[in-house]
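# need the 3D shape of this:
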Amino acid sequence: MRITIELDDEKQAGAVLRKLLELLEPQKEANRGALDVLKDQKMILESAASKKLKNVDAFFEKLGREGAVVLTGSQERIAVDAAFFEDFKKRISQVKTMDEKQAAKELGGKHAELFLKLVENGLIFFEGGSWKFV
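Numbering: from 1, shown residues only. Model (predicted):
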């Protein structure tokens, strides 16, 4: 599609261009990929995704192919942004308490949320010999 607009001055042309860009911005948002959404949210739970998507299996497979960390727990799958997961592993290695609630409190925010989901799904536990969560 081609639209031609003739304007008398640069100020008017700038205003029209800004308005056009504003109108096109929602299209950009709608075309965001699954990995972009994951980067924003840090993690996506299968239970949440199944409420919005028809084919959850394909969604998690696609995330895995695109570089996300997909963890399969006893209750559900959890897709985690790879950079966030690396940061999580670094932070959890510094936690020295065996109390899960205290560990979550030390981690805080999304890290705590991920930690509790991993515990709930049997994907992380405290190893007494090393005094670390593994």
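# residues making contact with the helix or strand hosting residue 63?
Using DSSP states H and E, residue 63 sits in helix 56-65. Helix 56-65 is contacted from outside by 34, 35, 38, 44, 46, 49, 50, 53, 70, 77, 79, using CB atoms under 8 Å, 6 or more residues apart in numbering. Glycine gets a C-beta too; all of them are placed from N, C-alpha and C.
# please identify which pair of the residues you listed lies farthest apart.
Taking CB to CB, the two most distant members of the contacts of helix 56-65 are 35 and 50; they sit 18.8 Å apart.
# those two: who's more crowded?
residue 35 (17 against 14; other CB atoms under 10 Å).
# just give me the neighbour total for the residue nearest to the more buried one when sequence neighbours are not counted.
Distance criterion CB to CB, 6 or more residues apart in numbering; nearest residue to residue 35, sequence neighbours excluded, is residue 66 at 4.7 Å. By the criterion of other CB under 10 Å, residue 66 has 14 neighbours.
# do residue 15 as well
The number of residues near residue 15, taken as other CB under 10 Å, comes to 12.
# going along the chain, name the helices of this protein.
With DSSP state H as the criterion, the chain has helices at 10-30, 34-41, 46-49, 56-65, 82-92, 100-107, 109-120.
# of all the ones you listed, which lies closest to residue 126?
Per CB to CB, nearest to residue 126 of the helices of the chain: helix 100-107, 7.8 Å.
# buried sites along that closest one?
By 16 or more other CB atoms under 10 Å, the buried positions in helix 100-107 come out as 100, 103, 104, 106, 107.
# residue 131: which of those is nearest?
Nearest to residue 131 among the buried residues of helix 100-107, with distances taken as CB to CB, is residue 103, at 11.6 Å.
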